[in-house]
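Q: kindly generate the corresponding structure for this input.
(one chain, ligands or ions: 1)
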Amino acid sequence: MNLLHYTNPTARPIEKIVPITTPSLKERGLTRKDVMQRAKRADDDEFYTQIEDIEKELSMYDKRIWKGKVVFCNCYDAVGENDNETSAFATYFLDNFKKLGLKTLICTHYNGGLNLFNQGVKGYIFRKTGYNVFRSEPDGYTGSFDDPISLKILKEEADIVCTNPPFSRAIDYWKILIESGKKFIIISNESNAINTAYIPYFMNKKVWTGYNSVYWYLNPKKQLVRAAGRWYTNIKIKDRETYKRLKIMPLKKIPDECKKYDDSKHLLVDQGYIPSDYSKPFAVSSNPILNGLLEKGYKIVKDKKYVPYIDGKEHFARVLVQKE
Ligand SMILES: C[S@@+](CC[C@H](N)C(=O)[O-])C[C@H]1O[C@@H](n2cnc3c(N)ncnc32)[C@H](O)[C@@H]1O
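A: Model prediction:
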């Protein structure tokens, strides 16, 4: 293992400086086909989180959750010499390391990224424990969240995972993360609650939404770009503001234009209206789930998205819920 001291002025003296060079495809274990596929995925994945969004979300959680914990940022969370070369997740946890009482911060850098943070294209692991800061580049390490070394860190060291994973790999990412049993606060697509790949996690209360949506990110040119993201977590939420958006009331009080029945006689409700006196399953969009419906005495009853038809015509996908 090639262990380098991270070049932070407050850290121990630099023992060795290794220039950042661009290794060949062979050295990176990539083929031309891999590179083409990655270029295609880049459009979906290269959305960088802004520090303000991280501060806004993480300020909502009880500070005690961080004390003595190992935080793991495992999706292209570079740590460089300044904020421009550092992912906002790494910046947040480095700036607040002491205040949060963290034991360790571990950030990984993915070798397939677009070198946005000017950190070269090698996978590496950054670690800060107390005042000890160093960076390692294990041989053959890709920096991918599913690299065996990243998985070992997840399983054996991490307490709380916090990052914005790549959209193109979100299904795999969620599976690995949720199966690890670790705590997490991550950003993902706002529509996950009506996507068959994720509905079972919501249904089995393995995940719920955090406090905020995230609509603006930086692209590799550091321009603002819009995408519908949402925070998701398995950490306790308090005082969820969005409960106010759930209009729970007797069915007959729900305006006619916001309720209808589909061809298989399922009730569909819209605009946040939820019947309080209806015992059969009914279909909602993702919004009520994101706004906390499953914490208000309702459960998901079908582990796949529900696609309603009215007069044979397909309507937008929803999820089937029922009063508990
Ligand atoms: C939505 S961006 C977020 C980057 C950074 N975590 C942030 O919040 O600014 C997701 C990043 O994951 C990277 N990525 C793609 N595949 C990955 C993998 N298998 N493992 C780790 N990161 C990956 C992409 O290159 C992209 O930069």
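Q: distance of N287 from the ligand?
A: Distance of N287 to the ligand, computed by C-beta to the nearest ligand atom, to the nearest Å: 23 Å. Yep, even glycine has a C-beta here, placed from its N, CA and C like the rest.
Q: so that residue lies in a helix, does it not?
A: Yes. N287 forms part of a helix when assessed by DSSP: H, G, I helix; E, B strand; the rest coil.
Q: ok, how many other residues are close to it?
A: N287 sits with 18 neighbouring residues when counted by other C-beta atoms under 10 Å.
Q: how about the residues of the protein that lie near the ligand?
A: Within reach of the ligand by C-beta under 6 Å from any ligand atom, the chain has these residues: 45-49, 75-77, 87-89, 110, 112-113, 144-145, 163-166, 169.
Q: just the buried ones from those, in ChimeraX syntax?
A: Those of those that count as buried under 16 or more other C-beta atoms under 10 Å are selected in ChimeraX with:
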select :45,46,47,48,49,75,76,77,87,88,89,110,112,113,144,145,163,164,165,166,169
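Q: show me the residues of the chain next to the ligand that map onto helices.
A: In this view, the residues of the chain next to the ligand that belong to helices under DSSP state H are 45, 88-89.
Q: okay, the residues you listed in JSON lines with pLDDT next?
A: As requested, these are arranged in JSON lines below (pLDDT from 0 to 100):
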{"residue": "D45", "pLDDT": "85"}
{"residue": "A88", "pLDDT": "97"}
{"residue": "F89", "pLDDT": "98"}
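Q: nearest residue to K259 in space, please, no chain neighbours.
A: V269 (5.2 Å; C-beta to C-beta, 6 or more residues apart in numbering).
Q: which residues touch the one you found?
A: With contact set as C-beta atoms under 8 Å, 6 or more residues apart in numbering, V269 has these partners: 254, 258-259, 275, 282-284.
Q: how about the helices in the stretch 51-200 of the chain?
A: Here the stretch 51-200 of the chain has its helices, by DSSP state H, counting those that start in this stretch, at 51-58, 88-95, 97-100, 148-156, 170-180, 199-203.
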